[in-house]
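Visitor: Predicted model and sequence follow; I will ask about them next.
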Amino acid sequence: MRVYPTFFRVVFSGMDPEKAHKIGYEAIRAMAFTPAAPVLRALTRPSPELATEALGLTFPSPFGLAAGFDKEGAAVVALANLGFGHVELGTVTAQAQPGSAKPRLFRLVEDRAVINRMGFNNDGAAAVAPRVRKAVDGLYRRWGRTRPIVGVNIGKTKKVGLEDAVEDYLASTRLLAADADYLVVNVSSPNTPGLRQLQSIDSLRPLLTEVGRTADETAGRHVPLLVKIAPDLTDEDIDDVARLALDLNLDGVVATNTTIQREGLVTDPETVIAAGVGGLSGAPLKQRSLEVLRRLRAALGEGPVIISVGGVETGDDVQERLDAGANLVQGYTAFLYEGPFWAGRINRRVRQLQRRRG
């Protein structure tokens, strides 16, 4: 019997979602400094059978935590204790920014979904960079060479115009690339005005070219680089991104971000309208995210890595994404509903499914 859904209903469901997130975030961080941490780590550690090679790295599990949960970079080791094979930080911007006005996070419990217009609230790349370094060191101490992987998702500072976007991304890259295991260029959040315009091929080509070059020069090694795209792209746009990824020899694509669509929700329409604009994440994205994954894999062939995210809730969902061509899978929204043992359950289920296949 799972206790957390009842705990969520009693304690968190009536609480402001952002306040609940903060409480949960700090509780997970605090747990890492208690005697329970090694026990938790042992209980949730993925089976060696789940080790996955991607991006020139070894991931302890194909399942990881998507960007959005840890924007500060202060909870990586604590989150790794919960069984995630990788943790993607961010989105981090070159300049610190408070994000959008509150309230900016809304639950659609009946749909197991969330609407957010957080607006890339974060402490800025200069503050996050030393935390990334500390996190990687901490993971090495606890796991050794089989440690969980740390990705960093970077975005555009809100007050920086699109004409200066490349240099803004480069400022983050210079600070973060040396310590990140991989970088993700986020051009697909709906909550930074104009950002999604950078998904056009004419804008994306110079941005990815310069970030990739700068990341490698800064780190003195090749830093795997991916781009995160929206589920709202047309199929033709997805094909264009795939062609660009192949042309630039990009390491991979993260698909997908949140959606601006609201079709098919069971939540009362007035509640949805009251939440206002923002990106929708969670279970309603499942089908479109899977469609984008399959189209991307068909267009990319076997080369570039695809990290599939959007509507992932169970180990069966993760295996479905792997079967559809994903190399790695991420989740986030279901974490809010399922609680701290979610990743561990997913790892056990994926291992069970894979063992049945022999």
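Guide: Everything's here; your move.

Visitor: wait, what's in contact with Thr314?
Guide: Contacts for Thr314 were tallied using C-beta atoms under 8 Å, 6 or more residues apart in numbering; they are Ile346, Arg349. Where you see a C-beta, it was placed from the backbone N, CA and C, and this is true even at glycine.

Visitor: From Leu139, how far off is it?
Guide: With distances taken as C-beta to C-beta, to the nearest Å, Thr314 is found 26 Å from Leu139.

Visitor: Is Ser100 in a helix, a strand, or coil?
Guide: With DSSP: H, G, I helix; E, B strand; the rest coil as the basis, the three-state label of Ser100 is coil.

Visitor: How about Phe120?
Guide: coil.

Visitor: and it, how far is that from Thr256?
Guide: Applying C-beta to C-beta, the value for Phe120 to Thr256 is 17 Å.

Visitor: between these two, who's got more neighbours?
Guide: Neighbours were counted for Phe120 and for Thr256 using other C-beta atoms under 10 Å; Thr256 has more, 28 against 24.

Visitor: ok, now how distant is that one from Asn249?
Guide: Thr256 sits 22 Å away from Asn249, going by C-beta to C-beta.

Visitor: Val241 now?
Guide: 14 Å.

Visitor: Looking at those two now, which is surrounded by more residues?
Guide: Remark: of Val241 and Asn249, Val241 carries more neighbours, 24 against 10, as counted by other C-beta under 10 Å.

Visitor: residues in contact with the closest residue to that one other than its chain neighbours?
Guide: Leaving aside its chain neighbours, Val241 sits nearest to Ile229 (5.8 Å; criterion: C-beta to C-beta, 6 or more residues apart in numbering). Going by C-beta under 8 Å, 6+ apart, Ile229 touches Val187, Ser188, Gln199, Ile238, Val241, Val253, Val254, Ala255, Thr256, Asn257, Val292.

Visitor: So what pairs up with Ile229 in the strands?
Guide: Beta-bridge partners of Ile229, counted by DSSP bridges, are Ala255.

Visitor: pretty sure Asn153 is in a strand, no?
Guide: Yes. Under three-state DSSP, Asn153 sits within a strand.

Visitor: what ranges of this structure fall below the confidence cut-off?
Guide: 1-5, 7-13, 195 (pLDDT under 70).

Visitor: at 90 what do you get?
Guide: 1-15, 24, 31-33, 35-43, 145, 162, 188-203, 303, 339, 357-358 (pLDDT under 90).

Visitor: returning to what we had before: quick one: the contacts of Ile229 as a markdown table, columns for secondary structure and distance to Asn81 too.
Guide: Formatted as a markdown table, the contacts of Ile229 follow (DSSP: H, G, I helix; E, B strand; the rest coil; distance: C-beta to C-beta, whole Å):
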| residue | secondary structure | distance to Asn81 |
| --- | --- | --- |
| Val187 | coil | 32 |
| Ser188 | coil | 30 |
| Gln199 | helix | 35 |
| Ile238 | helix | 36 |
| Val241 | helix | 35 |
| Val253 | strand | 29 |
| Val254 | strand | 24 |
| Ala255 | strand | 28 |
| Thr256 | coil | 28 |
| Asn257 | coil | 27 |
| Val292 | helix | 31 |
